[in-house]
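Engineer: the following block contains a protein sequence and its predicted model.
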Amino acid sequence: MNNIFDTHAHYADHAFDEDREQILASLPEKGVKYVTLASSSVEDTAENSELAQKYDYIYAAAGVHPESVDTNPADYLETVRKAINENPKIRAVGEIGLDYHYDGYDREKQIKLFREQLELARELDMPVIVHSRDACEDTLVLLREFKPKGVVHCFSGSAETAKEILKLGMYIGFTGVLTFKNAKKALRALAEVPLDRLLLETDCPYMAPVPFRGKRCDSSMIAYTAQKAAEIKGIPVDELLEITCRNGMALYNIQ
């Protein structure tokens, strides 16, 4: 396997502080062709931008995650815009979106943050990486309004929700969750996603697939997710990896 595209990773995460450089140097030898780093904050955006400049196979996205809404600086949008304009290896706005999972979330603040970044992506003609957890209805309202290019990542919704996202022309990204015993909902959704709209990702250091569940994840582990996805799609794993790699290249405008 030499065509793995991890379309959503977090190598700026503290989980990699001890051995980040060693891991990133080793991934191409393990079949990883490309990685896109998703950002959760302006600090993440800066770190991911540096990593993308250092490693040829790494690209990045710039943006602020909904969970950062209360710690986000007032001038964040200019910081994100500046990062995108200064680094050609930043290829998307993200990850952005809505997360209503934890008690005490501020719905209106999150929607404002999401809307502002959707507007930025439209202004810059860039794709978006969308995070949506327990916020399906509001997410779809905004996606239908803006009709962005992009991906709904780490998809955990229903097959019906997947169909609505596909109607907008977006990609859908799946993680190692596909390999979990309780993954019936994700597998039903995967079955509805045509191959030309499918992306694979780790969301590392999270979501490690079986047999690594509960451990720190890295991009090489996509091989296990790909095996499960290929089984559901009824095609060889190499073919599925080739298709999803091409899809990622198209989304992030990699020649």
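Structural biologist: Happy to help now that I have it.
Engineer: ok, which stretches of this structure are helices?
Structural biologist: 20-26, 42-54, 76-86, 107-124, 136-146, 159-167, 184-192, 222-233, 237-251 (DSSP state H).
Engineer: now do the contacts for the residue nearest to residue 80 when sequence neighbours are not counted.
Structural biologist: Among residues not flanking residue 80 along the chain, residue 62 sits closest, at 4.8 Å (CB to CB, 6 or more residues apart in numbering). To be clear about C-beta, it is placed using only N, CA and C from the backbone, and glycine gets the same treatment. With contacts defined as CB atoms under 8 Å, 6 or more residues apart in numbering, residue 62 is in contact with 39, 45, 48-49, 80, 83-84, 90, 92-94.
Engineer: what are the buried residues along stretch 22-40?
Structural biologist: 23-24, 27-28, 30, 32-40 (16 or more other CB atoms under 10 Å).
Engineer: ignore the last one, stretch 102-117
Structural biologist: Buried positions in stretch 102-117, judged by neighbour count with 16+ other CB under 10 Å: 105, 110-111, 113-114, 117.
Engineer: neighbours around residue 50, how many?
Structural biologist: Residue 50 has 13 neighbours, counted by other CB atoms under 10 Å.
Engineer: tell me the pLDDT at it?
Structural biologist: We have a pLDDT of 98 for residue 50.
Engineer: sorry, back to before: what are the bridge partners for the residue nearest to residue 80, then?
Structural biologist: Counting by DSSP bridges, residue 62 is bridged to residue 93.
Engineer: how close does it get to residue 14?
Structural biologist: 20 Å (CB to CB, to the nearest Å).
Engineer: kindly report the same for residue 207.
Structural biologist: The value you get for residue 207 to residue 14, if CB to CB is used, is 17 Å.
Engineer: more crowded one of those two?
Structural biologist: residue 207 (22 against 9).
Engineer: does the more buried one really touch residue 179, like I thought?
Structural biologist: No. Judged on CB atoms under 8 Å, residue 207 makes no contact with residue 179 at a distance of 9.7 Å.
Engineer: cheers, nothing more for now.
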